[in-house]
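Asker: with the input below, show me the fold.
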Amino acid sequence: MPVHRTHHLPAKMNMEIRPIDTAENEYDSVLGVYTLFVSLPRAETVYFRLVAEAWEDYAVVRTMERFHGPQRTETLVVAMAVPDYLEPCSRSLARLVAEVDGRQVPTTPALRAALRRDLLGPDADRPD
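Answerer: As a prediction, this is how the structure comes out:
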């Protein structure tokens, strides 16, 4: 079934959207980026990634877990944003997350370790 989207969110929804939480615990000093984990409906994954990656210099999006959530109907993605563009990126991502009925997932040590292993290899978390 095709998903129809409008170009503008309703005015009421616009007022409720706040930037994605970008607390210091979201910063990964090894990767040098803020890691913003988002859970969204599986059907919206491609749209979310396409739109987020089209914003030049904002964020790189990576799928962490294709079948996420208690009923495995969601996808867990991470948007990695550089500190220089964090504020505008978090505002734009918040709007996009609201549009696809997603939600931010707090960063945990396990998520951060999984991301580092994906990007840097299996030895990423071992001390030197």
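
Asker: and the strands in the protein, which stretches?
Answerer: 27-28, 33-41, 59-68, 74-81, 103-105 (DSSP state E).

Asker: pull the residues that contact the fourth one.
Answerer: Applying C-beta atoms under 8 Å, 6 or more residues apart in numbering, the external contacts of strand 74-81 come out as 22, 31, 33-42, 44-45, 48-49, 52, 58-68, 89-90, 93, 105, 111, 115. Where C-beta positions appear, they are placed from N, C-alpha and C, glycine not excepted.

Asker: where along the chain do the helices fall?
Answerer: Along the chain, the segments classed as helices by DSSP state H run 11-16, 45-54, 86-99, 109-120.

Asker: drop anything exposed from the contacts of strand 74-81.
Answerer: Among the contacts of strand 74-81, those buried by neighbour count (16 or more other C-beta atoms under 10 Å) are 22, 33-41, 44-45, 48-49, 52, 58-59, 61, 64-65, 68, 89-90, 93, 105, 111, 115.

Asker: ok, and the closest non-adjacent residue to Val33?
Answerer: Spatial nearest neighbour of Val33, excluding adjacent residues (C-beta to C-beta, 6 or more residues apart in numbering): Met80 at 4.2 Å.

Asker: ok, now Glu65?
Answerer: That would be Leu76: by C-beta to C-beta, 6+ apart, it lies 4.1 Å from Glu65.

Asker: can you pull out the low-pLDDT segments for the protein?
Answerer: For the chain, the stretches flagged by pLDDT under 70 are 1-24, 125-128.

Asker: counting neighbours, what do you get for Val77?
Answerer: A total of 25 residues lie near Val77 under the criterion other C-beta atoms under 10 Å.

Asker: tell me the spacing between it and Asp118.
Answerer: According to C-beta to C-beta, to the nearest Å, Val77 stands 12 Å off from Asp118.
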